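Novice: Here is a sequence together with a model predicted from it:
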Amino acid sequence: MQKINFNNILFIDVETIAQQASYEQLDDRGQELWNKKAALLKKTNDWDTPSMLYERAGIYAEFGQIICISVGHLSIKDGERMFRLKSFYGKDEKQVIADFFDLLNQKNTPYLLCAHNGKEFDFAYIARRAVVHSLNLPVELQLQNKKPWDMHHLDTMELWRMGDYKAYTSLDLLAYTLGIATPKTDMDGSQVNATFWQDNNLTKIMNYCQRDVLTVAQVLLRMQCLPLLTDDEVVMVED
């Protein structure tokens, strides 16, 4: 695998939820449109109602919203490594995205954004929700009319596929396969919606998001045959 310059990479992960706490809180037009979407999601479970399926609405940018974007940057200088983690999170989606864009726009040259399954989810989702809020897209997320090699994106799932585009491997499975220890947690991605709407626990979601960012970085290090990050090389940035 070609050697990568980690100093220019920004690792990211996004957590999303449904726009409303329940299907019943959608207006009539929203319910009508979700009913059409839900009909495509039923597959073999014909007993699933649109209301039951609404907990999955956060996956889709038309029905969901972003509540957390966590980022990580690995700086390597004179053999010393430091991985800085930072999160943009809150109930104001527009502000969350705008703050993330401010970080991207501070850099004179574009970052190489790295996420797991980022090309099919994180990158496009952020761009779509930014359009909803009339936010100008930074260079890293200007996706239209771009050839794949002109995009500032790196996807660990795509790298792991090794050209096999039928394969899907979760981040947890890939970390396990590569011998990367991850902190045990009492939640996974399917529980983010309930953790927000039922438990109102944004901090828990943020911590989960940061864990995934660190795991993505560890995966890429393993793919580059480099030592994994140690605890004392990881720093949380609060402001």
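Specialist: That came in fine, so what should we check first?
Novice: three-state assignment of residue 12?
Specialist: strand (DSSP: H, G, I helix; E, B strand; the rest coil).
Novice: swap in residue 75?
Specialist: Strictly by three-state DSSP, residue 75 counts as strand.
Novice: Check residue 70 and give its pLDDT.
Specialist: Residue 70 carries a pLDDT value of 97.
Novice: Quick check: beta-bridge partners of it?
Specialist: residue 13, residue 87 (DSSP bridges).
Novice: now swap in the one 10 residues further on and tell me
Specialist: For residue 80, the beta-bridge partners are residue 77 (DSSP bridges).
Novice: separation between it and residue 225?
Specialist: Per C-beta to C-beta, to the nearest Å, residue 80 is found 19 Å from residue 225. All C-beta spots, glycine's among them, are computed from the backbone N, C-alpha and C.
Novice: cool, residue 54 as well?
Specialist: Separation of residue 54 from residue 225 (C-beta to C-beta) stands at 44 Å.
Novice: Kindly report the same for residue 128.
Specialist: 36 Å.
Novice: Tell me which of the two has more neighbours.
Specialist: Neighbour count, other C-beta atoms under 10 Å: between residue 128 and residue 225, residue 128 has more, with 16 against 8.
Novice: Helix, strand or coil: sort out that one for me.
Specialist: Secondary structure, three-state DSSP: residue 128 is helix.
Novice: Tell me how far it lies from residue 122.
Specialist: Residue 128 is 11 Å from residue 122, by C-beta to C-beta.
Novice: what about the protein, any weak spots by pLDDT?
Specialist: 1-2, 43-47, 145-151, 184, 239 (pLDDT under 70).
Novice: hey, where'd the strands end up in it?
Specialist: Taking DSSP state E to define them, one finds strands in the chain at 9-18, 64-77, 80-89, 112-115, 153-155, 234-236.
Novice: Measure how buried residue 55 is and give me the count.
Specialist: With other C-beta under 10 Å as criterion, residue 55 counts 17.
Novice: how close does it sit to residue 142?
Specialist: 32 Å.
Novice: From what I see, residue 55 and residue 17 are in contact.
Specialist: No. Look at residue 55 against residue 17 with C-beta atoms under 8 Å: they stay out of range, at 9.4 Å.
Novice: any shared contact partners between these two?
Specialist: Common contacts of residue 55 and residue 17, defined by C-beta atoms under 8 Å, 6 or more residues apart in numbering, comprise residue 193.
Novice: Cool, thanks, talk later.
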